[in-house]
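Asks: Fold the following, please.
(chains A and B)
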Amino acid sequence: MEYIIIIISAVFVNNILLAQFLGVCPFFGASNKVETAIGMAGAVTFVMTLATLITWLLFYYVLVPLQIEFMQTVGFILIIASLVQMVEIILKKISPSLYRALGIFLPLMATNCAIVGVAILVVTKEFSFGGAAHLLNLPESIAFAVANALGFGVALVIFAGLREQLALSDVPKAFRGIPIALVTAGILSLAFMGFSGLV
Amino acid sequence: MNKLQIITKGIIKENPVFVLLLGMCPVLGTSSSAINGLGMGVATMMVLIMSNAVVSIVAGAIPNQVRIPAYIVVIAGFTTVVQLMMQAYTPGLYATLGIFIPLIAVNCVLLARAEAYASKNSVLNSVFDGLGIGLGFTLALTALGAVRELLGSMSVFGYKFASGDGMLVFILAPGAFIALGYLIVIFNKLTKIKA
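Replies: Purely as a prediction, here's the structure:
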């Protein structure tokens, strides 16, 4: 039950993109086509789950025993950057077309606030999913990461669909490109607010 | 290019928020009021100035292949410094900004300036570039925060102009996207007329 609440809360109620503003750069960068958006969502899911697993272990088994919790920002970013490098090499080998489609956004994932943000959130913020507020344990952290990645993917793919339609419509000159995309994202975010109070 | 031009370039021609469209997460996430926007902008500017200075000093000594991770470590280090200082001296603001303070380390603006400017220019110029871009970022954040606060609760910097509640949606998440979209349109219009 707790895991269902984690997933519904992260995908619909506190959507990482539309309610918490983490990972907005790839949200606008990789949302021109639904196909690219799906690839990006897949890459984020993979990296976010793996990154949260590794940083959680790093935090509780290295930083806490050594009493250097203040090194979490530096440590997390280094771990995540090397992880992204690895994913890039693997993707280049097994799926060159997807690698070309994602282009510049894959290396940028090392500095993607969604991934670093989730990694930092699970070790610093206390959550209450039904019960008392507490720091997340390892299985809960993984569930939280997967759920947030799902939320990222859902929002990104919906938004890419909207932008494909937007490309065909006659937009005033000053609004072309990012401004109209921002306003569209605002309306999408408004729609997602309808889910608040669900959990 | 003299020092003053370096600073004004960061505020108008290369404004990180309105023109370069970099570092959108903190812009959207921390601009629910003018004072929050100002606090976040100043914190980012501090990190940017210090990281620009250090990157321009050490750039010559770093092998080309590992320069990006090296810059990230410098930026993350200064982010931790600013984070600890804010925790000590401005605990209220620190609690409000929350997750976005450690996330300064992954703000694209900082890495972009380290790579595109600080690594190729003198220390003094890099510091002024950091100041200019930082001011541009701070002004944009404060402007967005002020607009959202004004529309959302009829006040600016906590000073209430009119009675009534305003449109709550501008304080909440959707308002951030919509207000920033319209501000970029206005900024585009104004700078194009000038040019």
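
Asks: what residue ranges in chain A are flagged as low confidence?
Replies: Within chain A, the stretches with pLDDT under 70 are A:101-108, A:110-111, A:129-132.

Asks: the strands in chain A, which residues?
Replies: Read by DSSP state E, chain A holds no strands at all.

Asks: If we go by neighbour counts, what in the longest helix seen in it is buried?
Replies: In chain A, taking DSSP state H as the definition, the longest helix is helix A:138-166. In terms of neighbour count (16 or more other Cβ atoms under 10 Å in any protein chain shown), helix A:138-166 has its buried residues at A:140-160, A:162-163. Just so you know, the C-beta spots here come from the backbone N, C-alpha and C atoms, and that holds for glycine as well.

Asks: Which residues of chain B lie near chain A?
Replies: For chain B, the contact set with chain A under Cβ under 8 Å from any Cβ of the partner chain comprises B:21-26, B:28-29, B:69, B:72-73, B:76-77, B:79-80, B:83-84, B:99, B:102-103, B:105-108, B:111, B:169, B:172-178, B:180-182, B:184-185, B:188-189.

Asks: can I have stretch B:90-101 written out in PDB, keeping just the CAs?
Replies: Taking Å, rounded to 0.1, in the frame of the first residue of the first chain, the C-alpha atoms of stretch B:90-101 are listed here in PDB:
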ATOM      1  CA  THR B  90      20.000  32.900   7.100                       C
ATOM      2  CA  PRO B  91      18.300  29.700   8.400                       C
ATOM      3  CA  GLY B  92      14.800  31.000   7.400                       C
ATOM      4  CA  LEU B  93      15.700  31.600   3.800                       C
ATOM      5  CA  TYR B  94      17.700  28.300   3.800                       C
ATOM      6  CA  ALA B  95      14.600  26.400   4.800                       C
ATOM      7  CA  THR B  96      12.400  28.100   2.200                       C
ATOM      8  CA  LEU B  97      14.800  27.500  -0.700                       C
ATOM      9  CA  GLY B  98      15.400  23.900   0.500                       C
ATOM     10  CA  ILE B  99      16.600  21.500  -2.200                       C
ATOM     11  CA  PHE B 100      17.400  24.300  -4.600                       C
ATOM     12  CA  ILE B 101      20.500  25.400  -2.600                       C
END
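
Asks: buried ones in that stretch?
Replies: B:L93, B:Y94, B:T96, B:L97, B:I99, B:F100, B:I101.

Asks: again, but for stretch B:54-69
Replies: In stretch B:54-69, counting by 16+ other Cβ under 10 Å, buried: B:V54, B:V55, B:S56, B:A59, B:I62, B:R67, B:I68, B:P69.

Asks: Centroid-nearest residue for chain A?
Replies: Against the mean C-alpha coordinate of chain A, by Cα atoms, centre = their mean, the closest residue is A:A114 at 4.2 Å.

Asks: gap between that residue and A:L17?
Replies: A:A114 sits 8 Å away from A:L17 when distances are taken as Cβ to Cβ, to the nearest Å.

Asks: who touches both of these two?
Replies: Residues touching both A:A114 and A:L17 (Cβ atoms under 8 Å, 6 or more residues apart in numbering or on different chains): A:G23, A:F152.

Asks: Among the buried residues of stretch B:90-101, which one lies nearest to B:K160?
Replies: Nearest to B:K160 among those is B:T96, at 19.1 Å by Cβ to Cβ.

Asks: separation between that closest one and chain A?
Replies: 14 Å (Cβ to the nearest Cβ, to the nearest Å).

Asks: Quick check, pLDDT for B:L110.
Replies: Looking at B:L110, its pLDDT stands at 88.
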